[in-house]
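# I need the structure of the sequence given here:
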Amino acid sequence: MPRLELPTTDGFGTDLARAARDGLVLYIYPRTGVPGEDPIPGWDEIPGARGCTPQACAFRDHFGEIAVLGARVLGLSTQSTAEQLEFAERVGLPYPLASDPVLGLADELQLPTFEAGGRRLYKRLTLIAERDRIVKVFYPVFPPDRNAEEVLEWLRQR
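You can find the predicted model right below:
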């Protein structure tokens, strides 16, 4: 996992390389809806774009089980920390979200992205890292609300 310092909703920020040392589930998503803001035109027609809220809530619901297996959960998108903080509070996430507006991780790891509404966004994927290495990639992630269960199942089999 590359050294990349990102701001997070818990106010501490994170270095992805450091977070990956002890076990990290990093789920990466395009963007969540913002109250009072219309969705990106054509959003519903983009394969894989919808489902960020159900995915985040599934990781919320399985957070304790994942933690017992020794992994930290972190969500990541290009959205601002302020937008992510509003979302995290609204749906009660017990884990932080990281903001990567310049897609530094995408550039570093050549992760898949797409263009929508004049923005470059992440395609949905999940990385599991242990001892500084990515050991599992879930891609494509579909349906998004099942991803946390798939991660949990994979962790249990390790």
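# in this structure, which spans are strands?
Assigned by DSSP state E, the chain shows strands spanning 5-6, 14-15, 24-28, 72-77, 97-99, 113-116, 119-122, 125-130, 133-138.
# Give me the pLDDT for the nearest residue to Phe12 once chain neighbours are set aside.
Distances taken as C-beta to C-beta, 6 or more residues apart in numbering place Pro96 nearest to Phe12, at 7.6 Å, with adjacent residues excluded. Every residue, glycine included, has its C-beta placed from N, CA and C. pLDDT, Pro96: 98.
# From Val141, how far off is Pro96?
20 Å (C-beta to C-beta, to the nearest Å).
# again with Ala116
Ala116 is 17 Å from Val141, by C-beta to C-beta.
# which one of these two has more residues nearby?
Of the pair Ala116 and Val141, Val141 is the one with more neighbours under other C-beta atoms under 10 Å, namely 22 against 18.
# quick one: the more buried one and Gly48, what's the gap?
Taking C-beta to C-beta, one finds Val141 at 8 Å from Gly48.
# now swap in Pro144 and tell me
8 Å.
# who touches both of those two?
Contact criterion C-beta atoms under 8 Å, 6 or more residues apart in numbering; residues shared by Pro144 and Gly48: Arg124.
# neighbour count winner among the two?
Pro144 (23 against 18).
# Isn't the more buried one up against Pro54?
Yes. Between Pro144 and Pro54 there is a contact under C-beta atoms under 8 Å: 5.5 Å.
# Give the residues shared as contacts by those two.
With the criterion set as C-beta under 8 Å, 6+ apart, the contacts of Pro144 and Pro54 do not overlap.
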